[in-house]
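>>> sequence below, structure please.
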Amino acid sequence: HYLWRAVDQNGHVLDILMQSRRNRQAEKRFFRKLLKGLRYAPRVLVTDKLKSYAAAKVHIMPGVEHRQHKGLNNRAELSHQPTRQRERQMRRFKSPGHAQRFLSAHGQINNAFRCQRNRLSAEQYRHVRTQAFSLWNEVTDVAKNA
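Residues are numbered from 1 along each chain as shown. Predicted coordinates for the structure are as follows:
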């Protein structure tokens, strides 16, 4: 199975989709799912050199600039590291459905808690972490259950 990830310019995961094929139809499905969730059209699409990206982009996003280069895809590849760490802790996913359910939630939660520490001062970092935990407590209703 293949894991499709869309990452924005800041390294935040926008969407994750797990599919058994890596062809034009699979890419079109991923682009449709991604664009349905976004409220804007991307200006530039950066991918690896797989030909199905270009074929699907022509049908789904004809006005978007497409860049295929080895070094440009690093942001998407680095976004996969927390997923791999979590997968190792869980000792693999039991099924593709389990992986899809987990990763859809994990991407959003990971965006909130893993800020880019190297770009923040200590005070800014503490503020961002405090906001993330207050958001987490609000979403999970920790205060009401305690």
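
>>> what residue ranges in this structure score low on pLDDT?
Regions of the chain meeting the criterion pLDDT under 70 cover residues 11, 72-92, 111, 142-146.

>>> torsion angles phi and psi at the residue nearest to the spatial centre of the chain?
The chain has residue 13 as the residue nearest its centroid, 2.5 Å off, counting by Cα atoms, centre = their mean. For residue 13, the backbone dihedrals (degrees, to the nearest 10) come out as phi -80, psi 120.

>>> who's it bridged to?
residue 7 (DSSP bridges).

>>> quick check: it vs residue 69, distance?
21 Å (Cβ to Cβ, to the nearest Å). No exception for glycine: its C-beta is placed from N, CA and C like everyone else's.

>>> picking that back up, please tell me I have it right and the residue nearest to the centre of the chain contacts residue 7.
Yes - Residue 13 is within contact range of residue 7, at 5.8 Å (criterion: Cβ atoms under 8 Å).

>>> tally of neighbours for the residue nearest to residue 21 when sequence neighbours are not counted?
Of all residues not flanking residue 21 in the chain, residue 2 sits nearest, at 7.3 Å (Cβ to Cβ, 6 or more residues apart in numbering). Residue 2: 13 surrounding residues under other Cβ atoms under 10 Å.

>>> any idea what residue 2 is bridged to?
Residues in beta-bridge contact with residue 2 (DSSP bridges): residue 19.

>>> residue contacts, it?
18-22, 26 (Cβ atoms under 8 Å, 6 or more residues apart in numbering).

>>> in TSV: these, plus distance to residue 118.
Shown next, in TSV, are the contacts of residue 2 (distance: Cβ to Cβ, whole Å):
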residue	distance to residue 118
18	30
19	33
20	37
21	37
22	33
26	35
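
>>> before I go, just wanted to say thanks for your time.
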